[in-house]
Each structure stands twice: as structure tokens, then as C-alpha cells.
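A.B. asks: Need a 3D model of the following:
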Amino acid sequence: MLARLVAYLSVLALLAIFGLHLWDQLPFGAVEPAARADWSVATRSYPAFAVSQSDISGKTETYEILRHPEGGRKDIFRWTEPGEKPAAELEIYRPGGELSPVDSAVTDLAARMEPGTAELETAGVVDSKFGTITLLRLAGAPNVARSCLGFLKRFDQPGLRISGWSCQESTLPARRAAIGCMLNRLILLTAGREPKLAELFARAELKRARCTGAAGAAADWVTAPENPRLRRGL
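C.D. replies: The predicted structure is shown next:
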């Protein structure tokens, strides 16, 4: 009986060794890695921002929150009608570990404004409670006066990026004024555990100016994309 038991255990050991050998021969290197985790809609997150007194009439405001497994969060406002392209978009991006040094904020903005677009070009600046905001438009737009305007502002402390675009209003000066108003009306509802974010918005509120809208856009020659035209030569 003892000899049979020893023989039985020896067979089991041989089977185990043979199984481990086959396991080592499996082509694990050829197996494709799992898909990289990407952004997903955070249905249980609470809004952190709001835009007070939106003047985009006739459009429905939507608010979407996206989260990344590596810590990033995007709060996105859109003003649109069903079945139509949004008239404006505003994104507040708080990056996490997912942000790569090679990622381009301008490229991302171009893809949001017009999928498949190659590049953007500068279109002047506009002042807001967050300081000077860079404006951009689609490069080579056939009708510059009616082209949509993008905007972009980055902060190091806290890590924050405010960007978006607007197609409202019929002229570039009026569109710049509308973007300035949109940013001036952006308010913080909750900073969570980010005191630097609360400090940024508190300081910005001290610089908040009254929105002039389209009425004051005609006098906005300083922030125009072209050089101001002089009445006579120097």
C-alpha cells in the first residue's frame, strides 16, 4: 500500500511539472494589453460650477461631468438645441495623472470645435475676470467675420484649464464680448478639497467687470485680431 501511495504521488508530481512546462510555453507576449481606461460620465458627481445669467437665448444649457481613473475631471457646459451643433461650449478641466506633457490644449480645442480640423490660428485676446484670454479661430476659415471663436486660459496653481468656443453673435467684436461675459459669469459652487481653486475664484471675483455685451463690442478695437486702423499716416 505504501509503495502504491508513493507511485501515485510521483505521478501527480510529474503531471504538475508537465503542466507548469506547458504554462511557460504559452505566448503571453502576443496577447494585446487591456484597453487604456478613458473618460467616463460621472453621474454621481455634483456640479462644481455655474454660469449665471446666460444670455444665449433660445438655447438649452446642459452640464456634463467627466472623470478619468487617474484623477482628472472635466466640467462641461454646452448651449444647444436638439439636433443642432452647440452654439457655445465651456470646459473647466482639472487634470490628474492622465495629462501627458505632449498633450496639446490647442489641438484638443480644435477637435472640439470642428472634428478633423488641422489647426487653429490666433484671433486676438479678450479681457475677463481671469485676466487676458487667448482667442483662436479655425485656420483658413473662408469667412473670418462669421467664424466661431475659441478661447483658452491655463493656470499652474491650481492646475486648471478653461477653454471652449462660441458661435453666437454675428460679428467678431460681438463674439469676443460674448466670450468675455461668459467667463465673467462663471462662478464656483464648491471647491471640495482644493483651497487653491477657491482662492483663484475669490480673487477673480474682485476683478469682475460689468458685461457690456454686443452694445459695447464696437468700441473693442484694442482686442481686435487685426492692428487698429489709424485715421492718417504717422
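
A.B. asks: what bits of the protein have low per-residue confidence?
C.D. replies: Along the chain, the model assigns pLDDT under 70 to residues 6, 11, 13-14, 16, 18-37, 54-58, 117-118, 141-146, 212-234.

A.B. asks: quick one: the helices in it?
C.D. replies: In the chain, helices defined by DSSP state H lie at 2-25, 105-113, 172-184, 195-206, listed in chain order.

A.B. asks: tell me the most buried of the ones you listed?
C.D. replies: Using mean count of other Cβ atoms under 10 Å, the stretch among these with the largest mean neighbour count is helix 172-184, at a mean of 24. Any C-beta I mention is one placed from the backbone N, CA and C, and that applies to glycine too.

A.B. asks: packing partners for it?
C.D. replies: When contacts are defined as 3 or more Cβ pairs under 8 Å, 6 or more residues apart in numbering; DSSP states H and E, helix 172-184 sits against strand 88-94, strand 120-128, strand 131-138, strand 149-155, strand 160-166.

A.B. asks: switch to 6 Å and redo it
C.D. replies: Using 3 or more Cβ pairs under 6 Å, 6 or more residues apart in numbering; DSSP states H and E as the contact criterion, the elements in contact with helix 172-184 are strand 120-128, strand 160-166.

A.B. asks: for those strands, which one sits closest to residue 3?
C.D. replies: Counting by Cβ to Cβ, residue 3 lies closest to strand 160-166 out of those; the figure is 76.2 Å.

A.B. asks: May I have the strands that pair with that closest one, each with its orientation?
C.D. replies: strand 88-94 (antiparallel), strand 149-155 (antiparallel) (DSSP bridges).

A.B. asks: Just want the angle from that strand to helix 172-184.
C.D. replies: Relative orientation of strand 160-166 versus helix 172-184 (axes from the mean of the first three to the mean of the last three Cα atoms, to 10 degrees): 140 degrees.

A.B. asks: got the CA positions of strand 160-166 in PDB?
C.D. replies: Coordinates of each C-alpha in strand 160-166 appear next as PDB, following Å, rounded to 0.1, in the frame of the first residue of the first chain:
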ATOM      1  CA  LEU A 160      -6.700  74.300 -14.200                       C
ATOM      2  CA  ARG A 161      -7.600  74.800 -17.800                       C
ATOM      3  CA  ILE A 162     -10.600  76.900 -19.000                       C
ATOM      4  CA  SER A 163     -11.400  76.500 -22.700                       C
ATOM      5  CA  GLY A 164     -14.300  76.500 -25.100                       C
ATOM      6  CA  TRP A 165     -15.700  78.200 -28.100                       C
ATOM      7  CA  SER A 166     -18.700  80.300 -29.200                       C
END
